[in-house]
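K.L.:
have a look at this prediction, sequence included:
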Amino acid sequence: MTPDVQIISVAVAAPLEGEFHYVPPAGMTAEACPVGARVRVPFGAGERLGIVLGRQDGSSLPLDELKPIASLLDEDALLAPADIRLGEWLARYYHAPLGEVLAQMLPVALRDGGGMDLPVPQGWVVDDAAPHAASRSRLQTALLERFRSSGGMLSDADLSGHAATLRAMRDKGWVRRIALPQGGGGVADALVPSGVSLNEEQQAACSMILSGREAFSAFLLHGITGSGKTEVYLALMDDVIARGGQVLVLVPEISLTPQLVERFSSRLPGGVVVLHSGMTDNARREAWIRSWKGQARVIIGTRSAVFTPMPRLALIVVDEEHDGSYKQQEGMRYHARDVAVVRAMQRGIPIVLGSATPSLESLFNVEQGRYRLLRLKKRAAGARLPRMEVLDVRRRPMHEGLSAPLIERMRDHLVAGGQVLLFLNRRGFAPALLCHACGGHESCRQCSAPMTVHRSRHRLVCHHCGAERPLPRHCSACGSSELDMPGQGTERLEMVIQGLFPEFPFERIDRDTTRRKGALEAKLARARAGEARILLGTQMLAKGHDFPGVTLAVVLDADRGLFSNDFRAPERLVQLIVQVAGRAGRAERPGEVLIQTHQPEHPLLQALLRGGFDACAKALMHERRLANLPPFSHLAMLRAEARDAARSLAMLERCGEWIASMPADVHVYGPVPAPLERRAGRFRHQLMLSSRRREALHLLLDRLLPAVRSWPESRGVRWSLDVDPQDMG
Ligand code: ADP
Ligand code: ZN
Ligand code: ZN
């Protein structure tokens, strides 16, 4: 081998393990291809995206069989060594090819070969002649205030979500659009003082976290709702920003937490960037690049923001760490909280996981000494926690899912001037359309599930695959016109409640009523302002909102969570009840929480009443220990689906046999049909792997997956691996 031979190893975005070797593009040396830059390389019959991993002196292939890189897309490394290291961990832990993992870490626009140029940032400036308060619009008044507290100018990034308000203000001549002045990096380092002085608990938590800020440590900030966790994050951010660092803040769903984004960006005008799936590809590309350049000092984002490159990353915050949306449910099924912890560990920085209802996994990590526990037990603004009560509805007359005592209690609160919040995790009018004559129900033609009635739209909708058809007048099996719609969804309950309480303004918040852009924000604003007196919603309503006027919160269908075949359902139910409870009585008025159930004696509900979340967590932990379920064991789920049920089953059966033939400390359960046996026309099966030792499970998977890929049984079968599955479906 001659000394000037230059071989470049590339991680190619293809479903194959391993690095691939190329020679530099024509006329270039290997030194000109930075590690971490994107390339396009010939691969199979076509071209693929790749990331340069390094230079190589030799290859197992003869040199004249190596192809040249087709094109080099970046002059600089797009992924820093630290980012590639994180990718390597992901590839190992989730058993995915490194090239695909690195590609998934990029925003779509860059994955597709988009450039790294940034447009001149645009923004808005307030006119001197604008009034100090808009006479009618609270939103406009608030914006005017924000403009003035930030020197009269705000960038589009600061103002995301306010387009409609800005247009209205522009039409009155109050604000103008401008290209923002560049220079000095263009970013404010200036923190707006907070005006809040932390209480003792908050102060203690902050000093604890900051005392070890030069090294990795993981903190579980377990603070009841309203205890001031967000103020702790903000104080930590102040410290990091003052020292020139960057902060990554992960949140479950941006659209559900506009207040949180607002609180961060009002403290650091121009320095906060938001990243979530509702943005255009280009907007995400720009936010990503601003972070990559270090211009964005605080990144607030959902799940995939955990990969954002941050050269000066100094702190990670994961808010509502227990939330299920942190788990990716397709492709590489990563858990953003767990990835965040690994990232903090690799970078040697602190990470704070915050929640009022921590996951059992995180509580277990505290027990094991891996995380340090910080508690906030008092509500910061002095409000008391609401009183919780189980409402036994056995043998009580029910009016469309509402018991008489509940209706009475609602009336009491409404008449006394309070707000009422009802929680029902099921949208649509009714969960099924039943035939009274033959007993059949209208089911989706593609899935093994009944279709949900959406009556106002006169449609049947499948909540699994999205299929729709017109609401039939006759049973499709027997032709009878005696059709029944049993059960309640939020759409039906809206009708019922408006019929019962016509004099009180009502707001329904679920996926169906918030499709239009800005609808959710408008509804939340009406709810917060107390204009809507009765609020009804799905879990959208349970997450992170502050409704100071709510005095009664109601969980309508607790029974569903107590009887599920998913072992995590009870944990989720408790988290949900405590979160819903946290919405009530935040201000001076004490709140009340009612849980409607046919199981008032259920040990979990009893534990909740007597000892709150802590007692429930303890009880659940005990059950998991006895059943040897996570966090006391480690799971991986293999899922397979095919048009022909026999094929998905055969593939998983072979997996089961293969594993049984291996001397490993891993148990296999199944294969069994998935809880939803058929979805979108495919039959689904699953095989669960469990082990007390994580390494044993991963070693086995390392060997199993290449085998599976080579089996004839795998052809024509769509299969996937889910490490640490959250959803058993
Ligand atoms: P959490 O994130 O734990 O739900 P927040 O940080 O949103 O709690 O605080 C709840 C409310 O209490 C907010 O209105 C916040 O402004 C207020 N608050 C938090 N900390 C303090 C404090 N130290 N002094 C006064 N008010 C506070
Ligand atoms: Zn029928
Ligand atoms: Zn369907």
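P.N.:
Cool, the structure landed. Remember, predicted model here, so these are calculated numbers, not experimental data. Residues are numbered from 1 along each chain as shown. Ligands and ions are numbered 1, 2, ... in the order given.
K.L.:
going by C-alpha atoms from here, please, whenever you check contacts or count neighbours.
P.N.:
Will do.
K.L.:
got a list of contacts for the lengthiest strand in the chain?
P.N.:
Of all the elements of type strand in the chain, the one with the most residues (DSSP state E) is strand 667-679. The contact list for strand 667-679, computed with C-alpha atoms under 8 Å, 6 or more residues apart in numbering, reads 446-449, 464-465, 649, 652-653, 656, 659-660, 683-691, 729.
K.L.:
starting at the chain centroid, how far to the strand or helix carrying Ala340?
P.N.:
Per DSSP states H and E, Ala340 falls inside helix 336-347. Taking C-alpha atoms, centre = their mean, to the nearest Å, the mean C-alpha location of helix 336-347 is offset from the chain mean by 16 Å.
K.L.:
stretch 116-128 now?
P.N.:
The gap between where stretch 116-128 is centred and where its chain is centred comes out at 30 Å by C-alpha atoms, centre = their mean.
K.L.:
and stretch 207-219, by the same measure?
P.N.:
Distance, centroid of stretch 207-219 to centroid of chain: 25 Å (C-alpha atoms, centre = their mean).
K.L.:
start and end of it, how far apart?
P.N.:
Its first and final residues considered, stretch 207-219 spans 12 Å by C-alpha to C-alpha, to the nearest Å.
K.L.:
one step back: restricted to strands, list the contacts of strand 667-679.
P.N.:
Among these, the members that lie in strands (by DSSP E) are 683-691.
K.L.:
now the buried members of the residues you listed.
P.N.:
Neighbour counting over the ones in strands among the contacts of strand 667-679 (16 or more other C-alpha atoms under 10 Å) leaves 683-691 as the buried ones.
K.L.:
Ile596 - that's part of a strand, no?
P.N.:
No Ile there; residue 596 is Gln. Yes. Under DSSP: H, G, I helix; E, B strand; the rest coil, Gln596 falls within a strand.
K.L.:
how about the residues of the stretch 451-600 of the chain by ligand 3?
P.N.:
462, 465 (C-alpha under 5 Å from the ion).
K.L.:
after the helix holding Ala340 comes which helix or strand?
P.N.:
Downstream of helix 336-347, the first helix or strand assigned by DSSP H and E is strand 350-355.
K.L.:
mean confidence for the next helix or strand after that following strand?
P.N.:
On the C-terminal side of strand 350-355, the closest following helix or strand by DSSP H and E is helix 360-367. Regarding helix 360-367, the rounded mean pLDDT is 97.
K.L.:
quick one: list the elements packing against helix 360-367.
P.N.:
Identification of packing neighbours for helix 360-367 by 3 or more C-alpha pairs under 8 Å, 6 or more residues apart in numbering; DSSP states H and E yields strand 371-376.
K.L.:
am I right that Ala707 sits in a strand?
P.N.:
No. Under the criterion used here (three-state DSSP), Ala707 is helix, not part of a strand.
K.L.:
and it, how far from Val453?
P.N.:
The value you get for Ala707 to Val453, if C-alpha to C-alpha is used, is 45 Å.
K.L.:
what about these two, which has more around it?
P.N.:
The residue with more neighbours, out of Ala707 and Val453, is Val453; 29 against 13, by other C-alpha atoms under 10 Å.
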